[in-house]
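>>> here is the input, now give the coordinates:
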Amino acid sequence: MNAQVERSIAAVWRIESAKIVAVVARMVRDVGLAEELAQDALVSALEHWPASGIPDNPGAWLMTTAKHAALDRMRRDRLLQQKLEQIGLDLEAQEALVVPDFVDGLDARRNDVFQDDLLRLMFTACHPVLSLDARLALTLKLLGGLSTQEIARAFLVPEATMAQRIVRAKRTLGDAGVPFELPPPAELGERLGAVLEAVYLIFNEGYTATAGEDWMRPALSDEALRLGRMLAELAPGEPEALGLVALMELQASRMRARLDAEGRPVLLMDQDRTRWDGVLLRRGLAALERAEGLGLPHGPYLLQAAIAACHARARAAEETDWQAIAGLYAELAQVQPSPVVELNRAVAVGMAEGPAAGLALADALLEEGKLQDYHWLPSVRADLLAKLGRREEARREFERAAGMTANGRERALLLERARAQLS
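The predicted structure is shown next:
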């Protein structure tokens, strides 16, 4: 196969697959079957496009092919009429039997329908009946358009393991009779939280990898950003959706500055801020402004975005408004109590009021024992101890943190900081 055609097909699939699965799922009312039919359309493209050329509108070609397959499947199962009556697919059936040019015109007038389908797909993939690992895998598969191999590589598990996880997730949805629909208003808040959590966990795994030799996995963060932007477009009145997008845009803006020329991690206060991405910064601040403009209570993602904005607005590290950041973390601790939030507050208080004040908060967490397996606690304590001149204690804490992390780049950085306490 021509390599250029293959790359083009992969790019089209990455962009269009979520929409195709969502529309077909509305037709057949089964996410697993919808993905299978969408994959059949992809196989058909791989068979035909190298010889016939890429269509003028490849997304419409794939959509039409997948709808044909769905209608054929429904006819074979003698459910076509029932399905058409159930979901009002007279127009959909007409679309599926015409050329892509006509589909283009219909798509332009019915974009709101596709948006509803994508939103349904997102909430289905993140249904509470699934475990968190299953939600993450299914979200990347159905909405991110990633292959099973790509998802397995991102989470450092064998491809066979990830394939089983995805199959089990789809089977669980089917066995539980999860409907392909938006949750009722009473459940919307809880379900939205699950969707946002899945997207942000994917972003964080790309932003700072939990294991392996890479400090970051930008492709994974890019997928999470794409999903977050989609969700914000589909739910523009939800401040937490906008807040999550703002948070991810602002954090992603720093990624180029988070590694030096040798690929070693660079901490926030040491970064060259001229390397921060101005486009992402502006997008993030604009999303934050839209979220705050809704006039609704601030949730955890909106508050974290406000914290990231404090860093974004500081032209130099020493200009950072740490008092404001400490105050925002205190507010976040009220909205979403968590020892991790308290640890971040300890860092902010240490910068705003001095390392002794920050260390007191970190020591309280150590005594509680809630973060005993979290390497950032000894890392934060080490930094504060070093600022207080307690270098031997700081060295031991840096070494303890290095022994707890599974990320090779992070371990090297912590050991380097430990050695620095000896000089």
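
>>> quick check: mean pLDDT across stretch 116-130?
Averaged across stretch 116-130, pLDDT comes to 84.

>>> for that stretch, buried residues please.
In terms of neighbour count (16 or more other Cβ atoms under 10 Å), stretch 116-130 has its buried residues at 116-127, 130. For glycine as for every other residue, the C-beta is placed from the backbone atoms N, C-alpha and C.

>>> check contacts around the closest residue to D373 other than its chain neighbours.
Closest residue to D373 in three dimensions, ignoring its sequence neighbours and counting by Cβ to Cβ, 6 or more residues apart in numbering: M404, at 7.0 Å. With Cβ atoms under 8 Å, 6 or more residues apart in numbering as the criterion, the residues that contact M404 are D373, Y374, H375, P378.

>>> make a markdown table out of those and add neighbour count and secondary structure.
Putting the contacts of M404 into a markdown table (neighbours: other Cβ atoms under 10 Å; DSSP: H, G, I helix; E, B strand; the rest coil) gives the following:
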| residue | neighbour count | secondary structure |
| --- | --- | --- |
| D373 | 8 | coil |
| Y374 | 17 | coil |
| H375 | 19 | coil |
| P378 | 25 | helix |
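
>>> quick check: the residue lying closest to R258 once chain neighbours are set aside vs M74, distance?
The spatially closest residue to R258, leaving aside those adjacent along the chain, is V266, at 5.6 Å (Cβ to Cβ, 6+ apart). Relative to M74, V266 is positioned 55 Å away (criterion: Cβ to Cβ, to the nearest Å).

>>> also V279?
Between V279 and M74 the distance is 45 Å, computed by Cβ to Cβ.

>>> K67 too?
Taking Cβ to Cβ as the criterion, K67 is separated from M74 by 10 Å.

>>> can you check P179 too?
Using Cβ to Cβ, one obtains 18 Å as the distance from P179 to M74.

>>> which one of those two is surrounded by more residues?
It is M74, of P179 and M74, that has more neighbours when counted by other Cβ atoms under 10 Å, with 19 against 12.

>>> that one: helix or strand, and which one exactly?
If you go by DSSP states H and E, M74 is part of helix 58-76.

>>> elements contacting that helix?
helix 3-28, helix 31-52, helix 80-87, helix 90-96, helix 100-109 (3 or more Cβ pairs under 8 Å, 6 or more residues apart in numbering; DSSP states H and E).

>>> burial count for L140?
The number of residues near L140, taken as other Cβ under 10 Å, comes to 27.

>>> residue numbering should commence at 35 henceforth.
Got it, first residue is 35 now, which makes that one L174.

>>> about what we covered before: correct me if wrong: the residue nearest to R292 contacts R288.
No. Because the distance of 9.3 Å does not satisfy Cβ atoms under 8 Å, V300 is recorded as not touching R288.

>>> between these two, which has more neighbouring residues?
Set side by side, V300 and R288 give different neighbour counts by other Cβ under 10 Å, the larger being at R288 (21 against 16).

>>> so how far is N441 from the more buried one?
Counting by Cβ to Cβ, the gap between R288 and N441 amounts to 18 Å.

>>> need the residues that contact stretch 264-274.
The set of residues that contact stretch 264-274 without belonging to it, under Cβ under 8 Å, 6+ apart, is 52, 149, 152-153, 156, 177, 226-227, 229-230, 233, 275-276, 278-279, 321, 324-326, 328, 330-336.

>>> got the CA positions of that stretch in CSV?
Below are the C-alpha coordinates for stretch 264-274, written out as CSV (Å, rounded to 0.1, in the frame of the first residue of the first chain):
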residue,chain,number,x,y,z
MET,A,264,-15.0,18.2,22.1
LEU,A,265,-16.7,17.9,25.4
ALA,A,266,-16.6,21.7,26.0
GLU,A,267,-18.1,22.3,22.6
LEU,A,268,-20.8,19.8,23.3
ALA,A,269,-21.6,21.1,26.8
PRO,A,270,-20.8,24.8,26.6
GLY,A,271,-22.9,25.6,29.6
GLU,A,272,-20.9,23.4,32.0
PRO,A,273,-18.3,25.4,33.8
GLU,A,274,-16.3,22.3,34.8
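
>>> list the buried residues in it.
Within stretch 264-274, the residues that count as buried by 16+ other Cβ under 10 Å are M264, L265, A266, L268, A269, E272, P273, E274.
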